[in-house]
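Chemist: next input, structure requested:
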Amino acid sequence: MIAGVSVEARREAVVLVSERPLRVLSSAVHHGGFVDARAVVNLHVDKNDPCADPAGMIAAFAARVGVPAPRVGLLTGALTERAAVVLEGTEDLRALAITTVGLSNLVSAGHSPIAAWTSSTINMVVVVDADPEPAALVNAVITATEVKGLALRAAGLVVEAGVAASGTSTDAVVIAATGRGARARFGGPASPLGWAVARAVRGALDRSIRDWQERAR
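Modeler: Now for the predicted structure:
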C-alpha cells in the first residue's frame, strides 16, 4: 500500500483515508474539481434511489463512521464490498487504484443518446505517491479514462448495434496525490506517472469487470 493511506471496502462504502491532505482532481458528485481532501468516500446507494441530496447522504455516512473532513464523495449502485484494489509502480513512484463496477447501463460516448443522471456505476479512485503538477493530474485522468475504454473493449462489451462501449452513463474518476516524492510534469501513458496509473487502473478494472460478468451469468 501507500504509507499513510488506508482503504476499507465494505457493503456501505469504500473509504480511503489519508493521514495528510491529498491534492485531488475529480469528477466526484461531492467536492469535485481541484480540492484538498483527507478522505474519499465511494458510497453505495440503491439503484432506485433518486440521490436528491448527495452531499447530505455522504455527510451522514461520514459522521456515523467517523470519516475525516475535508472529503470527496462519490455515489454508486455497484457493490462496494467487491471493490478491486491494485498497487503498481516504479522505483520512484507508486499508484494505488480502487475500482467499483456495475455494467447495467453501458454507453458508447458520441453514439448513445443523452440519459438521466443516476448513481455512478464505474468509479475509479487512484492515489499516486508523487508530486504531480496540476496538468499532470489532468493528464492522469485522461490516461485512466483511456484504460477504462480499452478494458471494456477487451472484455467484449458493446451497446446497441454492436458498437463498443466506452463506459456507463455516469462514471466518475478521482486522481489524488500525496505531494511527496517524485515530481511529475506529465501524466500520459508514456510517462512514469501515467504508466503507474495505467497499470494500476487496468489491473483493478480487469478484476472488477470479470467479477461483474461472472455474477451476471
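
Chemist: give me the longest strand you can find in this structure.
Modeler: Counting by DSSP state E, the longest strand found in the chain is strand 13-26.

Chemist: show me what that one is packed up against.
Modeler: Secondary-structure packing of strand 13-26 (3 or more C-beta pairs under 8 Å, 6 or more residues apart in numbering; DSSP states H and E): strand 5-9, strand 33-44, strand 94-101, strand 122-128, helix 134-154, strand 172-177. C-beta: built from backbone N, CA, C; applies to glycine.

Chemist: so where's the chain uncertain?
Modeler: Scanning the chain with the threshold set as pLDDT under 70 gives 113, 115-120.

Chemist: residue furthest from the geometric center of it?
Modeler: Ranking residues of the chain by C-alpha distance from their mean position (C-alpha atoms, centre = their mean) puts residue 161 at the top, at 28.4 Å.

Chemist: ok, now how distant is it from residue 105?
Modeler: 17 Å (C-beta to C-beta, to the nearest Å).

Chemist: of all the helices and strands packed on strand 13-26, which one comes closest to residue 217?
Modeler: strand 94-101 (15.3 Å; C-beta to C-beta).

Chemist: got the angle for that closest one vs strand 172-177?
Modeler: 160 degrees (axes from the mean of the first three to the mean of the last three C-alpha atoms, to 10 degrees).

Chemist: next secondary structure after strand 94-101?
Modeler: Following strand 94-101 in sequence order, the next helix or strand is strand 106-107 (DSSP states H and E).

Chemist: got a list of contacts for that next one?
Modeler: 115, 152, 157-159, 165-169 (C-beta atoms under 8 Å, 6 or more residues apart in numbering).

Chemist: and if we set it to 7 Å?
Modeler: With C-beta atoms under 7 Å, 6 or more residues apart in numbering as the contact definition, strand 106-107 has outside contacts at 157, 159, 165-169.

Chemist: out of those residues, give me the one that has the most neighbours.
Modeler: Within the contacts of strand 106-107, residue 168 tops the neighbour count with 25 neighbours, counted by other C-beta atoms under 10 Å.

Chemist: does that one have beta-bridge partners, and which?
Modeler: In this structure, residue 168 bridges to residue 106 when assessed by DSSP bridges.
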